[in-house]
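> Could you look at this predicted model? Sequence included:
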Amino acid sequence: MIELTQSQISTFLIVLSALIAAALTLDKVIDLIKKWRQPAVNIQDKLAADKNRLEIHEKQILGITKMVNALCKAEIAHLTYELTGGNTDKLQEALTTLTNSTIDRSH
């Protein structure tokens with residue numbers, strides 16, 4: 001039978017402890033790499049939020065464009081009225097368009 005000395009047993013335990021510590025460290029490193037590779041934010045959720053924000057901005061831009069067009073029509077009607085000396089039909093039409101555009105914009 002092989003006799004083990006206390007020195008050999010302690011060396012074996014030290015090596016075994018080092019191997020266990022290395023395995024645990026390697027496991028933690030692998031978990032850390034997996035977490036690092038996963039995105040912090042779900043890409044699909046981010047895309048859905050961005051699409052919603054884009055749709056809201058498109059609606060706002062469309063409303064602003066309509067309002068600017070109504071203001072331009074009103075100014076053209078006003079200038080035409082001043083230059084021609086009294087075409088109130090165009091002024092009334094511009095007023096109606098501008099009023100409707102303002103009411104639509106406020107909702």
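Cool, got the structure.

> Low-confidence stretches in the chain?
Applying pLDDT under 70 to the chain flags the ranges 1, 39-40, 87, 103-107.

> give me that answer again for 50
Across the chain, nothing is flagged by pLDDT under 50.

> Sketch out the helices for it, chain order is fine.
6-37, 43-84, 88-106 (DSSP state H).

> Of the ones you listed, flag the one that's most buried.
helix 88-106 (a mean of 13; mean count of other CB atoms under 10 Å). For the C-beta atoms, the positions are set from N, CA and C on the backbone; glycine is no exception.

> just checking, what packs against that helix?
Applying 3 or more CB pairs under 8 Å, 6 or more residues apart in numbering; DSSP states H and E, one finds that helix 88-106 contacts helix 43-84.

> so who does residue 57 touch?
Applying CB atoms under 8 Å, 6 or more residues apart in numbering to residue 57 gives no contacts.

> Give me the distance between it and residue 46.
16 Å (CB to CB, to the nearest Å).

> Kindly report the same for residue 101.
35 Å.

> Residue 32 now?
Residue 32 is 24 Å from residue 46, by CB to CB.

> The residue nearest the centre of the chain and residue 41, how far apart?
The centroid of the chain falls nearest to residue 50 when counting by CA atoms, centre = their mean (4.1 Å). As judged by CB to CB, residue 50 and residue 41 stand 11 Å apart.

> now do residue 19
Between residue 19 and residue 41 the distance is 39 Å, computed by CB to CB.

> Since that was my last question, I'll sign off now.
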